[in-house]
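# Predicted model, plus sequence, below.
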Amino acid sequence: MNKIKIGLPSKGRLRGDSINFFQSKNLKVVNSFGDRNYFFNIEKNNEVEGIFLHAREIIERINDGTLDMGISGLDLLKEFPEVYSENVKTFQKLDFGFADLVVAAPKDWLDVQNMADLEEVSFDFREKYTRRMRVATKYPNLTESFFLSKGVSQFRVVPSLGATESYPFTGSAELITDITSTGSTLKANNLRIINDGSILKSSACVFVSKNFLKNKFLRNFK
Amino acid sequence: MKRGLEKKKLKENFSKKILNLFKKRKFNFTDLDLLIDTNLLTERSGEQFKKSTLTYRDLLGKEISLRPDLTVSTALKYIQEKKTKEEKYCYYGTAYRLDKKGDLKVFDQLGCEIINPSTKNSSLLLIDSILEPIKKIRKLEIVIGDVGLFKILIDALDLPERWKLRLIRHFSRREYFIELLKRLETNYDLDQETINVDTQRLQDLIKIDQSKIIGGRTVAEIVKRFKKKLKDPRDDYKGKLNVRIIRNYLKINLPLQKAEKTIIAFFNKNKLPTKNIKNYFKKIILINKKIGKKYSISFKTDFGRNAEYYTGIVFLAYAKEKGQVVELARGGEYSNLLKTLGYKKDILALGGAINLNQLINL
């Protein structure tokens, strides 16, 4: 019989919270091969084979069928092209890993309160500087769709790998979109969230492959 | 349905004949670049356009796209060849686009473009040249719209400047345009609570160096716009009335012959000035006079909103085959495109193309 393949986040709080969540469902995660090994098992359960992976890769592997299920962030699934959602199904939203993806501008941009302001400023910006306003983000697809849905078309995405909050003050971008839970990091970096600039409210989720949706193993999570 | 070799032969025959017709009208055949710098495409149509183009990144990180249409390639040619006067191009080539699922769609197009026209009848010449090769198609229907006319309507309305700009900018984006009208109707615009906090902060900003850059903008720029925003009327601009006028305008759909009278009557009924409109309508009147009897042409105020870069007259030629609309040709005026691609100023340009793949199936 084929074993059930599960992916859990390999790092940080999301890893700890995911392990605790499994434990709360009487599925104790055990690292039989040592803490640094990426493979895990479930105690007293021979039907599962587990692996710790980057949260983004968990979605990739469910999509390509290498994994049957896993825990990752809703933001990460939504960032992938829409076709991923055909194969990767959200089985359950979890009460950890909360994060909002928001649009933030320099706090001194007093004239920019909402996305409608941003739309106007972006046109003025293009007119004046003959280039599009740049938005630094780790979420280019979500950012692009959201900006367009709010009428902001005069922008260019600048992919960011980290320290996104610094971009408007280093000349690399004019504004940003980023994940925040309390807004304090944005505030500490002289940025403010645009009033109607909430792109996505995200949390950790149990994701399963489309073909795994009816598997009885999922009863453990109900 | 025609197959392989038969299709190829048909395409060759059609393209030869059609290009000869274009050449007789003094359009010069031109070979266009297949690859386009992706940055130029995003400058023209925004980030969203990248999703519908086949793009690859070279080892140095530069993005290049297969041409999604031939208008951009023609405009780039004009710029690269440092032209300054009227140029009339015709071309035969393939455009490549990705559909929503990411599958590649290939379009064989025959078209002509007039950049920086020297005469006032360029719209007529362009439309007539594109329609000539397909005039014998049974039940051929033409739709004409005019994005510039919509701009005249909005300019005539009693609205704050920023609302006028918004409505004009987003005319081509239907879903967002509907949302904008809803917002205009309810007068939702400013958040008074945040404004109060920011007005206090304004005093601090006024005291600092006005040329200081904050997030790519100068302090002076921010202060100026904030003050302007506060002064702009926001409670008394008759949102509901204006929205009603716009919605009613966008319902106008009638034979081209009746367009001028009906539009002027619409402006009069809504007590809007008609001075600009009478002058503007000259192009439409000329088209109607010269080819109005040759084709079945309707004028639709809601037509021409599918591409952001159209700025004036827009047209579509189609036929109905087994109840399905078969789009045979389309085009229009685009006055802002060349500047966004690097030309020194905005110049009038117009173009149209025949969809050869559809034509050979009829």
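Great, that's in hand.
# starting at the chain centroid, how far to stretch A:160-173?
19 Å (C-alpha atoms, centre = their mean, to the nearest Å).
# so who does the spatially most distant residue from the centre of chain A touch?
Here chain A reaches farthest from its C-alpha mean at A:Lys128, the gap being 34.5 Å by C-alpha atoms, centre = their mean. With contacts defined as C-beta atoms under 8 Å, 6 or more residues apart in numbering or on different chains, A:Lys128 is in contact with B:Glu221. C-beta: built from backbone N, CA, C; applies to glycine.
# One more pass at 10 Å, please.
By C-beta atoms under 10 Å, 6 or more residues apart in numbering or on different chains, the contact set of A:Lys128 is B:217-218, B:221.
# Look up phi and psi at it.
A:Lys128 has phi and psi values of phi -80, psi -40 when expressed as degrees, to the nearest 10.
# biggest helix in chain B by residues?
helix B:4-24 (DSSP state H).
# Show me which residues of that one are buried.
For helix B:4-24, burial by neighbour count (16 or more other C-beta atoms under 10 Å in any protein chain shown) applies to B:7, B:11, B:14-15, B:18-19, B:21-22.
# How about residues contacting it?
Residues contacting helix B:4-24 (C-beta under 10 Å, 6+ apart): B:1-2, B:27-29, B:88-93, B:108-112, B:129-130, B:132-134, B:354, B:356-357, B:359-361.
# tell me, which of those residues make contact with chain A?
Among the contacts of helix B:4-24, no residue sits close to chain A (C-beta under 10 Å from any C-beta of the partner chain).
# Buried only: go through the residues you listed for me.
Buried among the contacts of helix B:4-24 (16+ other C-beta under 10 Å): B:27, B:88-93, B:108-112, B:129-130, B:132-134, B:354, B:356, B:359-360.
# Mind checking which of the residues you listed are in strands?
Cross-referencing the buried ones among the contacts of helix B:4-24 against strands under DSSP state E gives B:88-93, B:108-112, B:354.
# Break the chain down into its domains, please.
I'll assume chain A. Segmentation of chain A into domains, based on automatic domain parsing, reads A:4-97+A:204-221, A:99-202.
# nope, chain B
What automatic domain parsing lists as the domains of chain B is B:4-154+B:245-359, B:192-231.
# Okay, the one residue in the stretch 251-362 of chain B that gets nearest to chain A and B:Val314: tell me how far apart.
For the stretch 251-362 of chain B and chain A, the shortest gap (C-beta to the nearest C-beta) falls at B:Glu308, measuring 7.3 Å. With distances taken as C-beta to C-beta, to the nearest Å, B:Glu308 is found 12 Å from B:Val314.
# Mutual contacts of the two, please.
The contact sets of B:Glu308 and B:Val314 overlap at B:147, B:334 (C-beta under 10 Å, 6+ apart).
# ok, those two, which is more surrounded?
B:Val314 (25 against 21; other C-beta atoms under 10 Å in any protein chain shown).
# any idea how far the residue farthest from the centre of chain A is from A:Glu119?
Going from A:Lys128 to A:Glu119 by C-beta to C-beta gives 15 Å.
# ok so, going back, of the contacts of A:Lys128 - the most surrounded one?
B:Arg217 (25 neighbours).
# wait, that residue sits on A:Phe125?
Yes - B:Arg217 lies in contact with A:Phe125 (C-beta atoms under 10 Å); the separation is 7.1 Å.
# quick one: common contacting residues for those two?
Common neighbours of B:Arg217 and A:Phe125 (C-beta under 10 Å, 6+ apart) are A:133, A:174.
# Residue ranges in the stretch 51-200 of chain B under the pLDDT threshold?
Flagging of the stretch 51-200 of chain B using pLDDT under 70 yields the residue ranges B:187-194.
# what's around B:Gly216, how many residues?
20.
# quick one: contacts for it?
Going by C-beta under 10 Å, 6+ apart, the list of residues near B:Gly216 reads A:106, A:109, A:125, A:129, A:131, A:133-134, A:168-169, A:171-175.
# So for it, what's the pLDDT?
B:Gly216 carries a pLDDT value of 90.
# Show me which positions of stretch B:310-320 end up buried.
For stretch B:310-320, by 16+ other C-beta under 10 Å, it's B:310-319.
# How about A:Gly50: what's its closest non-neighbour residue?
Closest residue to A:Gly50 apart from its sequence neighbours, by C-beta to C-beta, 6 or more residues apart in numbering or on different chains: A:Phe40 at 4.1 Å.
# That neighbour belongs to a strand, doesn't it?
Yes - remark: A:Phe40 belongs to a strand, assigned using DSSP: H, G, I helix; E, B strand; the rest coil.
# I'd like to know which of the buried residues of stretch B:310-320 are part of strands.
Among the buried residues of stretch B:310-320, the ones falling in strands (DSSP E) are B:313-319.
# how about those, which pair is most distant?
B:Ile313 and B:Ala319 (21.0 Å; C-beta to C-beta).
# Check the buried residues of stretch B:310-320 and tell me the two furthest apart.
B:Thr311 and B:Ala319 (27.5 Å).
# any idea which element B:Leu254 lies in?
Assigned by DSSP states H and E, B:Leu254 belongs to strand B:253-255.
# Could you list every helix and strand in contact with that strand?
helix B:259-269, strand B:296-300 (3 or more C-beta pairs under 10 Å, 6 or more residues apart in numbering or on different chains; DSSP states H and E).
# How about residue 33, nearest residue that isn't a chain neighbour?
No chain was given, so I picked chain A. Excluding its sequence neighbours, the residue lying closest to A:Phe33 (C-beta to C-beta, 6+ apart) is A:Phe39, at 6.0 Å.
# nope, chain B please
Nearest residue to B:Asp33 in three dimensions, chain neighbours excluded: B:Ser73, at 5.4 Å (C-beta to C-beta, 6+ apart).
# Against B:Leu359, how distant is that neighbour?
21 Å.
# quick one: least confident helix or strand in chain A?
Sorted by mean pLDDT, DSSP states H and E, the helices and strands of chain A end with helix A:115-129, the least confident at a mean of 88.
# Could you identify the helix or strand that succeeds that helix?
Helix A:115-129 is succeeded, C-terminally, by strand A:133-137 (DSSP H and E).
# buried residues in the helix or strand encompassing B:Lys228?
Secondary structure assignment for B:Lys228, by DSSP H and E: helix B:219-231. Buried residues in helix B:219-231, defined by neighbour count with 16+ other C-beta under 10 Å: B:219, B:221-223, B:225-226, B:229.
# can you check stretch A:199-207 too?
A:199-200, A:202, A:204-207.
# Relative to A:Gly97, which of these is nearest.
Proximity of the buried residues of stretch A:199-207 to A:Gly97 (C-beta to C-beta) peaks at A:Ala204, which lies at 3.1 Å.
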